[in-house]
Structures are given as C-alpha cells and as structure tokens.
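Colleague: got a structure for you, letters missing:
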C-alpha cells in the first residue's frame, strides 16, 4: 500500500436541517477527482467525525467509494474508544472497499493511555483488521501524543503501514521516521509544517487545506519530491496564513465557508459548532483574494 502524496480529509456536507447531504458530497468528490490529489480520507477530524453517527459514517463511506475516481486511494477514519469497536468499523470499511484505515488514539481515559496501552490497542487492531491500518496522532483534539518509541514498537507489525502525525512537531516527525522501518510511511497533518516535514522524510500529507487548495498542496509535494527545495519552500509560505485562519482560528466552520467561496459545497457545521460571523467571513474573503493574487504573481 503506497500512500505517497497529498490526501484531502473531506468535509461532511450537511443540509440546513442538519442531515448529511450525500449529493453534495458526491459533487465535491467529482471536482476533487480532477485534481492531483492522491486520494481522500473520509471520517477524520475535518469530517466532523465525532459529531457523526456510525450509520451516517457508513453511508458516507459508501457514497465516497461509489464516486471516487479509480486512481484515488480511499482512507477510512475508523477509530473508536474501544479496541473491539475499532476493529468492527475497520472491517466495515474493508467490506465497502477502502484501502486503508486511519485509527485515531483512544483518548477519553487519557491517564490510562500509556505507551503499553496504545501499543496493545494498535497491535490488536492490526491483527483483527482486514485492511492495513495507519496510526493517527492528533493531540490538539485528543491530548494524547504518539511518539517515536511507540511507533518503533507497532511499526514492525506488517499490517501497520504508516501514520498521520498532526502534532506539527517537525523534530518529532523526524524521530518517528528514524524509529520505524524504512517501508513505514509517515504522513503529516499540519499544513504550516508541510515543507519542513517533507524535507525530513515524510512521504505525504493528509491536509485540511487540501480541501480548499488541492493543487497548491500537490505542487508543494511535487516540488519537494523533485528536489526543488527552494520552489517548495516558496510555495509553502502561501499556506501559513490559511493554515492558521482556517485551522485554529476559525476551524471547521471557517474551512467550510472558504469552500463555498471557492465553488465547492461547504454548508453549515454540525452543532454544537457555530457558523463564522460576518467579521470572520470578511477576513476569509480577504485571505482568499490575497492568495489568488499571490498565485497569479507566481505564474
């Protein structure tokens, strides 16, 4: 399973009444199919996964599977708090036709999530899963960090093929790469450190900003892979402001508003997440205008 490249963790479109809009999801995917994205992650943090019911997730997985172009790799976010449920969801994704599962760290009982507990969880999931799995570290939400010693233990399992590290810690990514076998694939989830992580040996990324700026993210990856470090670094500077504004500043609601402005379907976030206000919308509009101007200048 080769996971090199840029993946978009797709947003979940909702109708005004709060229901999932599968037609809008399909429309977005049809547009992404025309880009250089390597594939899509479905039911990750950007998908508002913790706000979805599992019956909704299964329908979303099915719709995405039916719509994605054959050359796009599909990654299913299948993590749950219990090991048994995680295996169940992972194998449901396998039955639908997903290539790999992204398994977040359990986090509710955080004090008990020792290295031994997490290693046991991932190794048991890997044993029971019918598709390869990736470790998913997103400490900004879970407050559970995955560090090099844990990856050194679980990466030896033949069914643990990689990880997504969303910590934004470039040195931590380098340590993980050093601790794992050569074939282990480390992807990152922080747009603000994409260039640096690729230079350290990350093989790709699963980026929320790949939903809004897929071709720019792909161009950065391709430049880095081609050894054009100066070009990759210059392009990556364009991601710094949107990474902040559409990430920690305005979150999912801000990202969805930006999608609307760029011609995708964004729609509302699901409660309790609130929509962005008028001032935030103006800021995002200015950001998009400036980014468009920068891109035109570079051309």
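Modeller: Now that the structure is in, tell me what you want to look at. Because the structure is a prediction, the values reported are computed rather than measured. Numbering: from 1, shown residues only.

Colleague: and residue 1, what pLDDT?
Modeller: pLDDT recorded at residue 1 is 87.

Colleague: pull the contacting residues for it.
Modeller: Contacts for residue 1 (Cβ atoms under 8 Å, 6 or more residues apart in numbering) come out as 99, 100, 132, 161. (C-beta placed from N, C-alpha, C; glycine too.)

Colleague: how close does it sit to residue 262?
Modeller: When distance is defined by Cβ to Cβ, to the nearest Å, residue 1 is 31 Å away from residue 262.

Colleague: rewinding a little: return the closest of the contacts of residue 1 with respect to residue 54.
Modeller: Within those, distances to residue 54 taken as Cβ to Cβ reach their minimum at residue 100, with 18.9 Å.

Colleague: right, and the closest one touches residue 73 too?
Modeller: Yes - taking contacts as Cβ atoms under 8 Å, residue 100 lies within contact range of residue 73: 7.2 Å.

Colleague: quick one, which of these two is more surrounded?
Modeller: Regarding residue 100 and residue 73, a neighbour count based on other Cβ atoms under 10 Å identifies residue 100 as having more, with 26 against 19.

Colleague: contacting residues for that one?
Modeller: 1, 3, 73, 74, 75, 76, 131, 132, 133, 134, 161.

Colleague: that one pairs with what?
Modeller: residue 75 (DSSP bridges).

Colleague: contact partners of stretch 146-159?
Modeller: Around stretch 146-159, the neighbours that count as contacts under Cβ under 8 Å, 6+ apart are 105, 115, 118-119, 122-123, 126-127, 129, 132-133, 135, 137, 160, 163, 165, 167, 172, 175-176, 178-181, 184.

Colleague: repeat the analysis, applying 6 Å as the threshold.
Modeller: Where contact means Cβ atoms under 6 Å, 6 or more residues apart in numbering, the residues beyond stretch 146-159 that reach it are 115, 118-119, 122-123, 126, 132, 135, 137, 160, 175-176, 179-181, 184.

Colleague: same check on stretch 5-23?
Modeller: 24-25, 37-42, 44, 46-48, 56, 63, 204-206, 210-211, 217-218, 221, 256, 265, 267-268, 270.

Colleague: ChimeraX command to pick out the buried ones of the residues you listed?
Modeller: The ChimeraX command for the buried members of these (criterion: 16 or more other Cβ atoms under 10 Å) is given here:
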select :24,25,37,38,39,40,41,42,44,46,47,48,63,204,205,206,210,211,217,218,221,256,265,267,268,270
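
Colleague: elements contacting the helix or strand encompassing residue 176?
Modeller: Secondary structure here is read from DSSP states H and E; on that basis residue 176 sits in helix 170-179. For helix 170-179, the helices and strands in contact under the criterion 3 or more Cβ pairs under 6 Å, 6 or more residues apart in numbering; DSSP states H and E are helix 148-154, helix 194-200.

Colleague: for it, buried residues please.
Modeller: Along helix 170-179, the positions that meet the burial threshold by neighbour count (16+ other Cβ under 10 Å) are 170, 172, 173, 174, 175, 176, 177, 179.

Colleague: and what of stretch 235-244?
Modeller: Neighbour-count burial for stretch 235-244 flags 235, 236, 238, 239, 241, 242, 243 (criterion: 16+ other Cβ under 10 Å).

Colleague: do stretch 15-26 as well
Modeller: Judged by neighbour count (16+ other Cβ under 10 Å), stretch 15-26 contains these buried residues: 20, 21, 22, 24, 25, 26.

Colleague: beyond the helix or strand containing the fifth one, next helix or strand please.
Modeller: In other words, residue 25. For residue 25, the host element (DSSP H and E) is helix 22-32. Counting by DSSP H and E, the element after helix 22-32 in chain order, helix or strand, is strand 39-42.

Colleague: report the distance from that next one to the chain centre.
Modeller: Centroid separation between strand 39-42 and its chain, computed with Cα atoms, centre = their mean, to the nearest Å, is 7 Å.

Colleague: and for the closest residue to residue 28 other than its chain neighbours, the neighbour number?
Modeller: Distances taken as Cβ to Cβ, 6 or more residues apart in numbering put residue 264 closest to residue 28, at 5.2 Å, once the chain neighbours are dropped. Other residues near residue 264 come to 19 when the count uses other Cβ under 10 Å.
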